[in-house]
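J.: okay, sequence plus prediction incoming.
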Amino acid sequence: MNDQEARVAKDRARLKRTVLILAPVLIVGGLAVLLFLERMPLPLRLIVGLGDIIVGLVLLVLLKQKYFENG
C-alpha cells in the first residue's frame, strides 16, 4: 500500500506542476493572440484569445482549490 500511496503522490505532484505551467502559458498565449495577431479577423481573435485566457484562469482557480486549500 505504501508504494501505491507514493505513486499517487508522485502523480499528483506531476499534475500540479503541469497545470501550474500550462495555465500561464494559455494566458500569455491568449494575450498574444489578442494583441499581436493582426492577420486573423477581429471576432475570431477575440474568441480565441479570450477563450485561452478564461481557460487559463479556470485552471488556476481549480489548482488553488485542489492543492492550496487551508485545512
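T.: Nice, thanks for sending it over. Numbering: from 1, shown residues only.

J.: host element of the residue nearest the centre of the chain?
T.: Among the residues of the chain, the one closest to the centroid is residue 23, at 2.3 Å (C-alpha atoms, centre = their mean). Counting by DSSP states H and E, the element that carries residue 23 is helix 2-36.

J.: and that helix, what's buried?
T.: Neighbour-count burial for helix 2-36 flags 19, 23, 26, 27, 30, 33, 34 (criterion: 16 or more other C-beta atoms under 10 Å). To be clear about C-beta, it is placed using only N, CA and C from the backbone, and glycine gets the same treatment.

J.: and which of those residues is nearest residue 55?
T.: Set against residue 55, the nearest of the buried residues of helix 2-36 by C-beta to C-beta is residue 26 (5.6 Å).

J.: skipping adjacent residues, who's closest to that closest one in space?
T.: By the measure of C-beta to C-beta, 6 or more residues apart in numbering, the closest residue to residue 26 outside its immediate chain neighbours is residue 56, 3.5 Å from it.

J.: which residues touch the one you found?
T.: Taking C-beta atoms under 8 Å, 6 or more residues apart in numbering, we find residue 56 in contact with 22, 23, 24, 25, 26, 27, 30.

J.: out of the buried residues of helix 2-36, which is nearest to residue 52?
T.: Nearest to residue 52 among those, with distances taken as C-beta to C-beta, is residue 30, at 3.1 Å.
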